[in-house]
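Participant: Below are the sequence and a predicted model; questions follow.
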There are 2 protein chains.
Amino acid sequence: MAMFSAEILSVGNELLSGITINTNAHWISKKITEAGGFVKRITVIRDDINEISLVVKESLARKPNWLLISGGLGPTYDDKTLQGVGFGLGVELVLDNTAVEMLRKSYAQRSVNYELNEIRLKMARIPMGSIPIQNPVGNAPSVLIDTGETKIVCLPGVPKEMEAIFLENILPQIKKIIGNFHTSESSYEIIGVSEAMLAPTLSKIVETNPPDLIYLKTHPQGYTSDNIPRLRVQILSKGKDKSEVEKRYKTISNMLVEEIHRLGGKIL
Amino acid sequence: MAMFSAEILSVGNELLSGITINTNAHWISKKITEAGGFVKRITVIRDDINEISLVVKESLARKPNWLLISGGLGPTYDDKTLQGVGFGLGVELVLDNTAVEMLRKSYAQRSVNYELNEIRLKMARIPMGSIPIQNPVGNAPSVLIDTGETKIVCLPGVPKEMEAIFLENILPQIKKIIGNFHTSESSYEIIGVSEAMLAPTLSKIVETNPPDLIYLKTHPQGYTSDNIPRLRVQILSKGKDKSEVEKRYKTISNMLVEEIHRLGGKIL
């Protein structure tokens, strides 16, 4: 395949009010990037059925290979992701027998004898035609929906639960689609060279390399006490062919180091 | 005014590849929420002119009071925010004299004698009709654009620079629009009560209170070693009238504490 693209949709009021930092989107992005995929967009919205439905439709119109949704699968009033996704897809929620069995299995591990009442069964009402995935850490099953062009997966918002399901079930599927993938990278800490000074060389490197196979970024780190600029430069080469990846990395890295020295900069 | 709404647009490949965690969006959300506003959506996209332009147009169509953009104001090849915003608004970028003076002032503070060359002047090419804001920490000026229904501000991606400009220039404007605002909140750590057990009471409270003035959220914290559920419950009451805010907070808090005890839970 040409390029594996993903979008992430994070659902939760707490992510929009400065209560919780969106570590889930960061963690998922990292895993997908390391596997050789591209996350093209992250969207964060509130626990609102119409809003979720709308964003799912917007995302599907952009045709990512995967849409990874996290948050809103639990039993409380503000867990609305499955309703939103179902509404967006024009699909009813149905009580899924496999999902009910998954809940039973989860609750059997707890010390208290939980009744599988209406409130808990809410977590097993999933969009018709979707596939539930056992939650090995918490209770709410994940849900996988194949829309044809895009696979949607609804993951829990609790990081430990999301990570366990992603690593066990989702990442292997994504890796299988992408196939072999290699990276070569490093990061330099520099003083005495500013972003603006390095800009022409960065532009030259970027213009002469395939944009999907290199990543080059300067991060200004402020100034030293005597007002000399501090900069972090990241170099990443990636692709399916290991020797090409390494060759490209070395060429870029040498060009940059040479230019940093020419400009009078120091690499720490 | 009825409700102050904001959207955040974070621009940067590093936010979509798991390199940098989006602390800027989290920080801005917190400040706006504390002032009494609502962040309705956070979007994270790559450094791509078309993509930035598209997302700006999508956001303006939803008519938030403010659209806060961070990242992509620097001098390097991948700093494309102003081009993207200009393109989205159908407005040309022009070399702004005030912005040039701001750059001159910023660079005058550095120990090295920087030439204001074409690469550095890129930071003073701003969408026609917009207002530059001095960057008190770094170099790239911020840019304020009043589109009528929505005010757009483009902030730097470097957290220290973004925070300084936001606190000095943007937050006072937002606070002035919102006016008086009070909050009363707390968070309980509970063992022995699960989300599902509390769900009916949470629903009842939410149904009988104005949705914009309370915030009630359960955060499952996994299980104790003997498999007893751990839960964090957050209660927040907010609004313009201090005594009403406090009264509402006490009522909700009492209802919850009572129910937690009735269910056999312990508050830590």
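Facilitator: Right, received. Where do you want to start? Residues are numbered from 1 along each chain as shown, chains lettered A, B, ... in the order given.

Participant: Pull up the pairing partners for whichever helix or strand A:Gln221 is part of, direction included.
Facilitator: Using DSSP states H and E, the element containing A:Gln221 is strand A:214-223. Paired neighbours of strand A:214-223 in the sheet (DSSP bridges): strand A:229-239 (antiparallel).

Participant: one step back: rounded mean pLDDT for the strand holding A:Gln221, please.
Facilitator: Mean per-residue pLDDT for strand A:214-223: 89.

Participant: and what of stretch A:237-245?
Facilitator: Stretch A:237-245 shows a mean pLDDT of 93.

Participant: now do stretch A:80-100
Facilitator: Stretch A:80-100 carries an average pLDDT of 98.

Participant: Report all helices and strands that the helix or strand in which A:Glu258 is found contacts.
Facilitator: Assigned by DSSP H and E, A:Glu258 falls within helix A:242-262. Secondary-structure packing of helix A:242-262 (3 or more Cβ pairs under 8 Å, 6 or more residues apart in numbering or on different chains; DSSP states H and E): strand A:182-191, helix A:195-207, strand A:214-223, strand A:229-239. (Each C-beta comes from the backbone N, C-alpha and C, glycine too.)

Participant: Helix, strand or coil: sort out the residue lying closest to A:Gly138 once chain neighbours are set aside for me.
Facilitator: Excluding the flanking residues, the one nearest A:Gly138 by Cβ to Cβ, 6 or more residues apart in numbering or on different chains is A:Glu161, at 4.2 Å. Here A:Glu161 is recorded as helix under DSSP: H, G, I helix; E, B strand; the rest coil.

Participant: and A:Glu161, how many neighbours?
Facilitator: When neighbours are counted by other Cβ atoms under 10 Å in any protein chain shown, A:Glu161 registers 23.

Participant: my guess is A:Lys266 meets A:Tyr188, correct?
Facilitator: No. With contact defined as Cβ atoms under 8 Å, A:Lys266 and A:Tyr188 do not form a contacting pair (10.2 Å).

Participant: who has more neighbours, those two?
Facilitator: The neighbour comparison of A:Lys266 against A:Tyr188 (other Cβ under 10 Å) goes to A:Tyr188, with 18 against 12.

Participant: count of neighbours near the nearest residue to that one once chain neighbours are set aside?
Facilitator: Of all residues not flanking A:Tyr188 in the chain, A:Val233 sits nearest, at 4.7 Å (Cβ to Cβ, 6+ apart). A:Val233 has 23 neighbours, counted by other Cβ under 10 Å.

Participant: so A:Val233 sits right up against A:Ser186, yeah?
Facilitator: No. A:Val233 is not in contact with A:Ser186 according to Cβ under 8 Å; the separation is 9.0 Å.

Participant: Would you mind measuring from A:Val56 to chain B?
Facilitator: Using Cβ to the nearest Cβ, to the nearest Å, A:Val56 is found at 14 Å from chain B.

Participant: And for that residue, nearest residue in space, chain neighbours not counted?
Facilitator: Spatial nearest neighbour of A:Val56, excluding adjacent residues (Cβ to Cβ, 6+ apart): A:Gly88 at 3.6 Å.

Participant: Looks like that neighbour contacts A:Glu58 (just checking).
Facilitator: No. A:Gly88 lies out of contact with A:Glu58 (Cβ under 8 Å); the separation is 9.2 Å.

Participant: which one of the two has more residues nearby?
Facilitator: Ranked by neighbour count (other Cβ under 10 Å), A:Gly88 and A:Glu58 place A:Gly88 first, with 21 against 15.

Participant: all strands for chain A, in order.
Facilitator: A:5-11, A:38-45, A:66-70, A:93-95, A:125-127, A:131-133, A:142-146, A:151-155, A:182-191, A:214-223, A:229-239, A:266-267 (DSSP state E).

Participant: Now do the end-to-end distance for stretch A:162-172.
Facilitator: One end of stretch A:162-172 to the other measures 15 Å (Cα to Cα, to the nearest Å).

Participant: how big is the angle separating the least confident helix or strand in chain A by mean pLDDT from strand A:182-191?
Facilitator: Taking mean pLDDT, DSSP states H and E as the measure, the helices and strands of chain A show their lowest mean at strand A:214-223, namely a mean of 89. Orientation check (axes from the mean of the first three to the mean of the last three Cα atoms, to 10 degrees): strand A:214-223 against strand A:182-191 gives 20 degrees.

Participant: Can you give me the buried ones in strand A:214-223?
Facilitator: A:Ile214, A:Tyr215, A:Leu216, A:Lys217, A:Thr218, A:His219, A:Pro220, A:Tyr223 (16 or more other Cβ atoms under 10 Å in any protein chain shown).

Participant: Identify the residue spatially nearest to A:Thr147, adjacent ones excluded.
Facilitator: Distances taken as Cβ to Cβ, 6+ apart put A:Leu60 closest to A:Thr147, at 6.3 Å, once the chain neighbours are dropped.

Participant: again with A:Ile214
Facilitator: A:Ser237 (5.5 Å).

Participant: Against A:Ala6, how distant is that neighbour?
Facilitator: Distance from A:Ser237 to A:Ala6, counting by Cβ to Cβ, to the nearest Å: 21 Å.

Participant: Also A:Ala124?
Facilitator: In this view, A:Ala124 and A:Ala6 are 27 Å apart by Cβ to Cβ.

Participant: can you check A:Gly72 too?
Facilitator: With distances taken as Cβ to Cβ, A:Gly72 is found 19 Å from A:Ala6.

Participant: Comparing those two, which shows the higher neighbour count?
Facilitator: Remark: of A:Gly72 and A:Ala6, A:Gly72 carries more neighbours, 30 against 24, as counted by other Cβ under 10 Å.

Participant: burial count for the spatially closest residue to the more buried one that is not a sequence neighbour?
Facilitator: Excluding the flanking residues, the one nearest A:Gly72 by Cβ to Cβ, 6+ apart is A:Thr81, at 3.2 Å. Neighbour count of A:Thr81, defined by other Cβ under 10 Å: 26.

Participant: per the record, what domains does chain A have?
Facilitator: A:5-178, A:182-267 (automatic domain parsing).

Participant: Nearest to B:Thr147, out of the ones you listed?
Facilitator: Among the domains of chain A, domain A:5-178 comes nearest to B:Thr147, with 21.2 Å by Cβ to Cβ.

Participant: A:Arg82 and chain B, how far apart?
Facilitator: Residue A:82: Leu, not Arg. 15 Å.

Participant: meant to ask about A:Thr33
Facilitator: Distance from A:Thr33 to chain B, by Cβ to the nearest Cβ: 4 Å.
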